[in-house]
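Novice: when you get a sec, could you give me coordinates for this:
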Amino acid sequence: MNRTYTIPKLVSLALILLLVVVGVEVVAEELSGISGKVVDLEGNAIAGFTFGIRPVQLHDGFLEPDRGNPVDLPKGETDSAGAFTVNDIQPGLVQLIAIPAPLLDAFEMFDPERRNSARIDEPWRTSSR
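Specialist: As a prediction, the model looks like this:
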């Protein structure tokens, strides 16, 4: 048996197995979820509270928003009892952000997936030329 021929084959096989295992581990990473209840200072449930979940990165000891499209933020809203559940959150550091109703409407208006169905009035243009 030629040892110089067998050792490179074993090294190649080990590298291939390592890459396969690492690739499977990355693909197998599951999405996270969060649930809870939003209450005011007196403990009363807050219904209709809307929030987004933004991925953040740790950079020089500070949390900074992850570069990405803010339209794609997972969003949650409380029910009449103040309870909420949000699934499909990417693993990692996240920040909960309150979304005021006008901003939420703007996100929905300029959502690229709905852009063809949305119509934005342009009052500065006249219909007659």
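Novice: tell me what the biggest strand by length in the chain is packed against?
Specialist: When the chain is parsed with DSSP state E, its longest strand is strand 50-59. On a contact count with 3 or more Cβ pairs under 8 Å, 6 or more residues apart in numbering; DSSP states H and E, strand 50-59 meets strand 62-65, strand 75-77, strand 83-89, strand 94-98. Using the backbone N, CA and C atoms, a C-beta is placed for each residue, glycine as well.
Novice: what does the last one rub up against?
Specialist: What that stands for is strand 94-98. Strand 94-98 is contacted from outside by 49-56, 63, 65, using Cβ atoms under 8 Å, 6 or more residues apart in numbering.
Novice: which among these end up buried?
Specialist: 49, 51-55 (16 or more other Cβ atoms under 10 Å).
Novice: who's in contact with the longest strand of the chain?
Specialist: 34, 63-66, 68, 70, 73-77, 84, 86, 89-90, 92-99, 101, 104.
Novice: listing partners with orientation, what would you give for that strand?
Specialist: Paired neighbours of strand 50-59 in the sheet (DSSP bridges): strand 62-65 (antiparallel), strand 75-77 (antiparallel), strand 94-98 (antiparallel).
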